[in-house]
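[1] The sequence and its predicted three-dimensional model are supplied below.
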Amino acid sequence: QSVLTQSPSVSGTPGQRVSMSCFGSNSNIGIFYVYWYQHLPGAVPKLLIYKDNLRPSGVPDRFSGSKSGTSASLAISGLRSEDEGDYYCAAWDDSLRGGVFGGGTKLTVL
Amino acid sequence: QVQLVESGGGVVQPGESLRLSCAASGFTFRSYSLHWVRQAPGKGLEWVSVISYSGASLFYGDSVKGRFTVSRDNSKNTLYLQMNSLTTEDTAVYYCARHREGGGYYYPPSPDLSVWGQGTQVTVFS
């Protein structure tokens, strides 16, 4: 059972906009930044969003992050087949004094 | 280019030990916090540990606390993870990863990881 809760799966068609959520608590998301990772088959995890809503250089603006209270969201617009994979949220947890990842959301592009 | 290369994975029996290494190149190693993250078969990412740029500050996930020890040798640009009392639950691909920003100590050492190694497989098998 992950400290950060993500829906197991989401799907969309090419060109569509999808979003996925990450639910935490006042021990993690409520007080610290959220990070989002993309983990494609056969690849290493890639940082998509840092500090809630900032994109590293090279990440397309199709990817956007937001946060409200103890939950965060990742949105992907203009969905592409190459976006298919697993997406994880992450944060620091004050009670655990450690990092935590969500269980991951599997994105399927139909 | 900026690179992290893990090594030291393998197959061991429950109760045994293993030491992973992560060799860094292409950046000022001593300036960055470094993390270990693992992924068990069919499971999601799990944060394991972080060590500050100097090695003075260490944190561990609950599942490895007391059994794993993270360390670094800034003269060799290498990160280590000593894993003792291994169980089948430790079977996973282990990644080392670099914090996105360097330049000093800050709290918390969030999982803000912009550079990842390719991973090394650890299998604990009885």
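    Everything's here; your move.

[2] and chain A, which residues reach chain B?
    Within chain A, the positions adjacent to chain B are A:2, A:32-33, A:35, A:37, A:39, A:44-47, A:50-51, A:56, A:86, A:88, A:90-92, A:94, A:96-104 by CB under 8 Å from any CB of the partner chain. For glycine as for every other residue, the C-beta is placed from the backbone atoms N, C-alpha and C.

[3] now these: which count as buried?
    By neighbour count, with 16 or more other CB atoms under 10 Å in any protein chain shown, the residues of chain A next to chain B hold A:2, A:32-33, A:35, A:37, A:39, A:44-47, A:50, A:86, A:88, A:90-92, A:96, A:98-104 as buried.

[4] Name whatever forms a beta bridge with the residue positioned nearest the centre of chain B.
    Closest residue to the average C-alpha location of chain B: residue B:36 at 2.7 Å, with CA atoms, centre = their mean. Judged by DSSP bridges, the bridge partners of residue B:36 are residue B:49, residue B:96.

[5] which residues touch it?
    By CB atoms under 8 Å, 6 or more residues apart in numbering or on different chains, the residues touching residue B:36 are B:20, B:48-50, B:70, B:79, B:81, B:94-97.

[6] Now tabulate these in CSV and tack on neighbour count.
    Output for these, formatted as CSV (neighbours: other CB atoms under 10 Å in any protein chain shown):
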residue, neighbour count
B:20, 23
B:48, 25
B:49, 23
B:50, 26
B:70, 22
B:79, 29
B:81, 25
B:94, 24
B:95, 24
B:96, 30
B:97, 26
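
[7] Quick one: mean pLDDT for the longest strand anywhere in chain A?
    Using DSSP state E to define each element, chain A has its longest strand at strand A:85-93. Mean pLDDT, strand A:85-93: 98.

[8] which element follows it toward the C-terminus?
    Next along the chain after strand A:85-93, taking DSSP states H and E as the criterion, comes strand A:98-101.

[9] other SSEs contacting that next one?
    strand A:85-93, strand B:45-51, strand B:58-60 (3 or more CB pairs under 8 Å, 6 or more residues apart in numbering or on different chains; DSSP states H and E).

[10] Adjacent strands (with direction) for it?
    strand A:85-93 (antiparallel).
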